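[1] Take this sequence and fold it.
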Amino acid sequence: MGIFLKNVSKQYDDLFALKNINLFIHNGTFLAVVGKSGSGKSTLLNLIGDLDNPTDGSVSIDGINLTTLQQIDHDKFRNQYIGFVFQFSNLEPSYTVFENVELPLIIAGMKRSERKHKVLDALTKTNIIHKKNQKAMTLSGGEKQRVAIARAIVNQPKIILADEPCGNLDTENSDIIMSLLKSLQNEENIIVLVTHDVEHSKLANRVVTLKDGEVMKDTGDH
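    Residues are numbered from 1 along each chain as shown. A predicted model of the protein is given here:
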């Protein structure tokens, strides 16, 4: 089981962001997607994350065809299957760290007693539990990204999607975030990282290089 993109293209007016992409990403993969700006990296991530639909082709995850889901099913699918980490943490600044991480569980309708255990576990894994009662607005950039990762993993999603998560961080904090992402890799999940940083891509066990919306190189697993 895993992620299967079959003959996927994405077109905006006369511009193809992606052209006839065929990829299978199996469980346990840490995939880095690299390429110049405008190569289609973020578009690919958005399609895998069910944030957009392909113009042609299909995207399936564990046999579920995302292109055929109803809107309410899309929302449920993303909440249960996908954890997002973006370049900007997108935290609620007036909420505490705990409250920010708790949000996906509230949306999922989980009971309060269950939520507490899961939030504390996610904060422990991301080494930010000591900040659980602080407002997000008081955190440093690196701390905010750790909270964003905790929020992404609190539902124990099958897929973690990270779009330039270190784009606004210094080298020290970037190394912390990348080591954290690598530590989250296991046999059951899939991590997809979009990055411009060659050193960061070396942490992955598979690298796909995009150019002008097409796969130019795919290292496979190694």
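[2] Run a quick neighbour tally on residue 170.
    By other CB atoms under 10 Å, the residues close to residue 170 number 11. Every residue, glycine included, has its C-beta placed from N, CA and C.
[3] residues contacting it?
    residue 142 (CB atoms under 8 Å, 6 or more residues apart in numbering).
[4] what's the nearest residue to residue 53 if we skip its chain neighbours?
    When the adjacent residues along the chain are set aside, residue 53 lies closest to residue 67, with 5.8 Å between them (CB to CB, 6 or more residues apart in numbering).
[5] what separates the one you found from residue 153, distance-wise?
    According to CB to CB, to the nearest Å, residue 67 and residue 153 sit 26 Å apart.
[6] More neighbours: those two, which one.
    residue 153 (23 against 14).
[7] Could you double-check that the more buried one lies in contact with residue 183?
    No: at 10.7 Å, residue 153 does not count as touching residue 183 under the criterion of CB atoms under 8 Å.
[8] Are there residues contacting both of the two? Which ones?
    residue 125.
[9] Kindly export the lowest-mean-pLDDT helix or strand in the chain (C-alpha atoms) in PDB.
    Counting by mean pLDDT, DSSP states H and E, the weakest-scoring helix or strand in the chain turns out to be helix 71-81, with a mean of 84. Written as PDB, here are the backbone C-alpha positions of helix 71-81 (Å, rounded to 0.1, in the frame of the first residue of the first chain):
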ATOM      1  CA  GLN A  71     -16.100  17.300  -0.500                       C
ATOM      2  CA  ILE A  72     -17.000  16.100   3.000                       C
ATOM      3  CA  ASP A  73     -15.000  12.900   2.400                       C
ATOM      4  CA  HIS A  74     -12.000  15.100   1.300                       C
ATOM      5  CA  ASP A  75     -12.100  16.900   4.600                       C
ATOM      6  CA  LYS A  76     -12.200  13.700   6.600                       C
ATOM      7  CA  PHE A  77      -9.500  12.100   4.600                       C
ATOM      8  CA  ARG A  78      -7.100  15.000   5.100                       C
ATOM      9  CA  ASN A  79      -7.800  15.000   8.800                       C
ATOM     10  CA  GLN A  80      -7.100  11.300   9.200                       C
ATOM     11  CA  TYR A  81      -4.400  10.600   6.600                       C
END
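[10] buried stuff in that helix?
    Neighbour counts over helix 71-81 (16 or more other CB atoms under 10 Å) mark 77, 78, 79, 81 as buried.
[11] contact partners of it?
    Taking CB under 8 Å, 6+ apart as the rule, helix 71-81 contacts 49-51, 61, 64, 66, 69, 104, 107-108, 155, 157-159.
[12] Among these, which ones are in strands?
    In this view, the contacts of helix 71-81 that belong to strands under DSSP state E are 61, 64, 159.
[13] Look up how far residue 30 lies from the first one.
    Computed with CB to CB, the distance linking residue 61 and residue 30 is 17 Å.
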